[in-house]
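Peer 1: How does the following fold in three dimensions:
(chains A and B)
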Amino acid sequence: MKSSDQAARTPLRSTASDGLKIVIVGGFGVGKTTLVRSVSEIRPLSTEETMTRAGVGIDDAGDVQDKTTTTVAFDFGRISLNNEMVLYLFGAPGQQRFWFLWDRLFSGTLGAVVLVDTRRVEDSWYAIDRLEHHGMPFIVARNHFGGPMPELEDLRKALDLSDDVPLIDCDARERESGKAVLITLVNHLYRLSTALEGAH
Amino acid sequence: MTSRPLDKENPDRLYIVTGGRSSVDESSIDLVSLIVSECDPTPGMQSEHVRILRMCHSPTAVVEISAELGLPVSVVKILLCDLLDTGRITARHPSTAPVKEKLPDPATLKQVLLGLEKL
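Peer 2: Modelled structure (predicted):
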């Protein structure tokens, strides 16, 4: 990673005080960073986190015996929502080896977008299962690469997705489409949160 | 997505950067805590500290500092703890984190929606 001077960065407003997180999760090459880029006010940045494996033991029992550290790289972008709130979008790999970092990295995340490539639907199964397990609200967005697409409801069946999880099409390259994905997620969260308040 | 295993880099460098500590109470620092400098760098200061103080003239998220310095988030948090301890920086922590399995209130989400619709 190269350093860059202050002038090359886009600074936040001096009043910025409240960082929020949304995670875009999906298989390799599905378009996570493309989606982040389409809506971000900064060129997506990349960072990494490392964790020793000791005492974790969630990953598969394969060749992990002699491995002491795992590194997860993730890209992110940001959107200044108003004078105080800044939304950070993280593109996170959905593979099994990533998930033991979820609690540590993404606690306090508003919700998640599962980005699906219909040519590799099975890449999404694990991510959806883990999100449900974590009680993390999410929506599913099918990244549209052009050409004929099967009905969304067929995809819902293939993913074994319950009816209350929003499922939409998107083109991760398009700003308006990326924006619609985020709005769909936050509307979903709003409905859930309102229902929760009503229950008390 | 690239992966650059740290253990293939230079562990000595990371040891020196953090002064050899491996455990600091960093739980209060979130990925998106916004860091603000409260002073200018002084001569003799560790170079990473100097860069952080320069970078954080305007509020800067922990994860952005990590990307700019090219250091893992956990290492950056240790550097930030030092600067917090000595009052050289302050941190603006997220209002929504880190409460597990709890949704933000509708009013907060409404603000997020309004912001997104303006995009």
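Peer 1: residue boundaries of the helices in the chain?
Peer 2: In the absence of a named chain, this looks at chain A. A:32-39, A:102-106, A:122-134, A:152-159, A:175-199 (DSSP state H).
Peer 1: Sorry, I should have been clearer: chain B.
Peer 2: Applying DSSP H to chain B gives helices spanning B:11-17, B:47-55, B:62-69, B:73-85, B:106-117.
Peer 1: Turn these into JSON lines, columns for mean pLDDT, mean neighbour count and distance to chain A.
Peer 2: The C-beta positions use only the backbone N, C-alpha and C, and glycine is treated the same way. Shown next, in JSON lines, are the helices of chain B (pLDDT from 0 to 100; neighbours: other C-beta atoms under 10 Å in any protein chain shown; distance: least, C-beta to the nearest C-beta, whole Å):
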{"stretch": "helix B:11-17", "mean pLDDT": "65", "mean neighbour count": "12", "distance to chain A": "9"}
{"stretch": "helix B:47-55", "mean pLDDT": "97", "mean neighbour count": "18", "distance to chain A": "6"}
{"stretch": "helix B:62-69", "mean pLDDT": "97", "mean neighbour count": "24", "distance to chain A": "4"}
{"stretch": "helix B:73-85", "mean pLDDT": "93", "mean neighbour count": "21", "distance to chain A": "5"}
{"stretch": "helix B:106-117", "mean pLDDT": "96", "mean neighbour count": "18", "distance to chain A": "3"}
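Peer 1: Do the worst-scoring helix or strand of chain A on mean pLDDT and chain B come into contact?
Peer 2: Every helix and strand of chain A was ranked by mean pLDDT, DSSP states H and E. The lowest is helix A:102-106, at a mean of 75. Yes: counting by C-beta under 8 Å from any C-beta of the partner chain, chain B is contacted by helix A:102-106 at A:103, A:105, A:106.
Peer 1: Neighbour count added to those residues, as TSV?
Peer 2: Below are the residues of helix A:102-106 next to chain B laid out as TSV (neighbours: other C-beta atoms under 10 Å in any protein chain shown):
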residue	neighbour count
A:103	11
A:105	21
A:106	22
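Peer 1: Go through these and say which is closest to chain B.
Peer 2: Of all the residues of helix A:102-106 next to chain B, residue A:105 has the smallest distance to chain B: 6.3 Å, by C-beta to the nearest C-beta.
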